[in-house]
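>>> Give the three-dimensional model of this entry:
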Amino acid sequence: MNTRLHILNVSHNHFVRGGSDRYFLSLGELLSKEGNLVVPFCAKSDKDQPSEWATYFPSGADIESPSVLDVLKYHYSPAAKYNLRKLLSGNRFDIAHLHIYYGKLTSSILPVLKDARIPIIHTSHDYKLICAVYSCSRGGSLCEACHGKEYWRAMVHKCNRGSYLRSAISMSESYVSRWLGSVDAIDRFIAVSQFSATRMAENGIDPRRISVVPNFIDIAQFTPQTETGRYFVFFGRVEQSKGVGTLIKAFMQMPDIPLMVIGEGNFLPEAQALAATSPNINFAGFKDGSELYSLVGQSVASILPSEWYENCPMAVLESFAMGRPVIATRIGGLPELISPGEDGDIIEPGDVDSLCTAVRTVWEQRRNPGMGRAARRKAEQQFSSEIHYRRIRDIYDSLRGT
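I've put the predicted structure just below:
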């Protein structure tokens, strides 16, 4: 029987804004269900889910409309450092599991954890460790010019929203974060895809300190759908890097096949304008929880036409759990998740014609439940909470020497 652990679960948000937040909260629930004491440490927000530990949450920087003080807090947060010390002074922890802690909590928390001699694990949900703007993309194209250390290139190329100022801030934060221990202070990195692990190793992180553990879902919360779907669905952030422009252009050429776009993002107004003359394309806005899953469950398949390095998006796992296949692009960690012809299809990023071909193929086969069943089976066999807990627990125990 596993020893009960005291785990500090650290991330910037204690509410769901994106896939990494859902993972962070779901992991906390899973660890607690297995009998461990799990304490969240996040930045304070009026959107926070209730927590008895919320009194320890520090205020984070305003990243969207920053003041000069916010820029300083984005690099180094005295409040996060102070509150974490206060939390540790009255509680003991066996493991600190970090997610997206930079930006709001900042790397100021790393020396505090090291001083307390708590083993530190960091699940890398994005490409922060090798890219100053976390995305390995610049101006809509893929980019790895910084190589995990030459962050000055981000300012030269204006990688953050085309702004010298924002890019300079991203550059300086990356150097400060690295200096505070974003690489050296971490005992084990968890990559959620083999693709990410390879990129980390190629950019200077010792592969012996990297473990690959894909994301997971609680299978019991999803009822597989067997009815014939009525439309294709995209759900997630509506951004150009997600390939939404390519998606809209493809369905404009297929007026007989419906598409539902679920989500919000910077590219939404442009996407709506582009699709204005296509009645087969519907924008449903932001949805979450049962409302989201009901809409996904009524689809023929999900589409992830990403044009940036996706890692292990929850949208794929959630679609699989509902018995819906996925059409995705051959980029990042996506090809690791999908078996073409069995539970979905893989196309080239930015290729409207190949997307149209894949969509028509799946649409014509929509009354055959084979792909949906294969998708659900993969979710059960590879991405269940039970399998995930064993993988994570093995890493925890290896760092504790048990």
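>>> so what does the helix or strand hosting Arg390 touch, helix or strand wise?
Element membership for Arg390 (DSSP states H and E) is helix 385-400. If contacts are counted by 3 or more Cβ pairs under 8 Å, 6 or more residues apart in numbering; DSSP states H and E, helix 385-400 sits against helix 19-33, strand 95-98, strand 120-124, strand 188-191. Using the backbone N, CA and C atoms, a C-beta is placed for each residue, glycine as well.
>>> At which residues are the helices of the chain located?
Using DSSP state H, the helices found in the chain span residues 19-33, 68-75, 78-89, 109-115, 152-156, 164-180, 194-202, 244-252, 268-274, 289-297, 314-321, 352-364, 370-382, 385-400.
>>> Low-confidence stretches in this structure?
Applying pLDDT under 70 to the chain flags the ranges 1, 401-402.
>>> Just name the most buried of the helices of the chain.
Highest mean neighbour count of the helices of the chain: helix 314-321, a mean of 27 (counted as mean count of other Cβ atoms under 10 Å).
>>> Now do it against helix 19-33, angle only.
Using axes from the mean of the first three to the mean of the last three Cα atoms, to 10 degrees, one finds that helix 314-321 and helix 19-33 are set 60 degrees apart in direction.
>>> the domain parsing of the protein - what is it?
Domain segmentation of the chain under automatic domain parsing yields 6-129+182-216+384-400, 219-382.
>>> what's the closest non-adjacent residue to Lys44?
Spatial nearest neighbour of Lys44, excluding adjacent residues (Cβ to Cβ, 6 or more residues apart in numbering): Phe57 at 4.1 Å.
>>> Please verify my assumption that the one you found contacts Asp48.
Yes. In terms of Cβ atoms under 8 Å, Phe57 counts as a neighbour of Asp48; the distance is 7.1 Å.
>>> out of those two, which sits in the busier spot?
More crowded of Phe57 and Asp48, by other Cβ atoms under 10 Å: Phe57, with 22 against 15.
>>> So that one versus Ser163, what's the distance?
According to Cβ to Cβ, to the nearest Å, Phe57 and Ser163 sit 30 Å apart.
>>> re the thing from before, how far does the helix holding Arg390 sit from the chain's center?
Distance, stretch centre to chain centre, for helix 385-400: 20 Å (Cα atoms, centre = their mean, to the nearest Å).
>>> between it and strand 120-124, how big is the angle?
Counting by the same axes, to 10 degrees, helix 385-400 lies at 140 degrees to strand 120-124.
>>> Make 349 the first number, not 1, from now on.
I'll keep to 349 as the first residue from here, and by that count the last item is helix 733-748.
>>> what's in contact with helix 733-748?
Contacts with helix 733-748, where a contact means Cβ atoms under 8 Å, 6 or more residues apart in numbering, come from 350, 353, 355, 375, 378-379, 382, 442-443, 467, 469, 535-536, 538, 559, 561-567.
>>> now swap in stretch 382-396 and tell me
Contacts for stretch 382-396 (Cβ under 8 Å, 6+ apart): 350, 352-363, 365, 376, 379-380, 399, 401-402, 404-408, 428, 431-432, 435, 439, 441, 452-453, 457, 737, 741.
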